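S.K.: I need the structure of the sequence given here:
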Amino acid sequence: MADTSPKKRILITMIEVGGCHASIAYAVQDALMLSCPGMYDIQVVDLPRACGARGMDRHLKHLWRMALARPVLTTRLNTWLEEVGTLANSNRIVRLLFGEFVRKGMRFIEQANPDLVISTHFFCTSVAVFARQQSGGTYPVVSHVSDPFRAHGLWVNPLADEVIVCSQAVRDQLAALGQPAEKLSVLPFPINPRFFSPIGSDRTAV
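M.R.: Numbers count the residues shown, from 1 in each chain. Below you'll find the predicted structure:
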């Protein structure tokens, strides 16, 4: 007899500023679909865009284009974020600067009614834990750090159930910044399974 029970819903949230947040999200989605075909209902969303927080969506993506054009300044900003540690707290900053995103993002997550949230951006992690608190939900919130070798305090979120990092160096950094050690896991950097599919030597296929 066919299994008619509803599929578990996995919501993967990201913000498409740079390729890394998105590439991790889609790599996790495709790996789950490949290893567990038909088992889960998996949705990947650029959360500000999906929830209708247009102001934040435009603002962050404009800032990202500016950052790409000014790599020296961007490197200095990242270094400053590392130095100030948890003074740059994602839960605090997203409420202070992006209230529309918090309200609309929480509503989007509550309506999605997930069984699990995987976030690849610290602001999305904050919105997910806020939504769970408000709705009284019990779903786990997992944060996946996109920086493989260096991280900053915006990734620290004790309200998340697990924070996945890709190196011991980042684990040590976040633990020193206050992320509970028992909530930190080191796993290999997610690479989409399609990169391991042989395509031969045909130039068109390559």
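S.K.: least trustworthy helix or strand in this protein by mean pLDDT?
M.R.: Across the helices and strands of the chain, mean pLDDT, DSSP states H and E gives its lowest value to helix 71-84, namely a mean of 74.
S.K.: quick one, what contacts the residue most central in space within the chain?
M.R.: The centroid of the chain falls nearest to T120 when counting by CA atoms, centre = their mean (1.2 Å). T120 makes contacts with 12-14, 20-22, 24-25, 143-144, 146, as judged by CB atoms under 8 Å, 6 or more residues apart in numbering. For every residue, glycine as well, the C-beta is placed using N, CA and C.
S.K.: at 10 Å what do you get?
M.R.: Shown in contact with T120 (CB atoms under 10 Å, 6 or more residues apart in numbering): 12-15, 20-28, 44, 142-146, 164, 190.
S.K.: what about M33, distance to K7?
M.R.: From M33 across to K7, the span is 12 Å (CB to CB, to the nearest Å).
S.K.: on that earlier part again, state the phi and psi torsions of the residue nearest to the centre of the chain.
M.R.: For T120, the backbone dihedrals (degrees, to the nearest 10) come out as phi -110, psi 20.
S.K.: what's the overlap in contacts for M33 and K7?
M.R.: Common neighbours of M33 and K7 (criterion: CB under 10 Å, 6+ apart): 39-40, 42.
S.K.: which of those tops the neighbour count?
M.R.: I42 (21 neighbours; other CB atoms under 10 Å).
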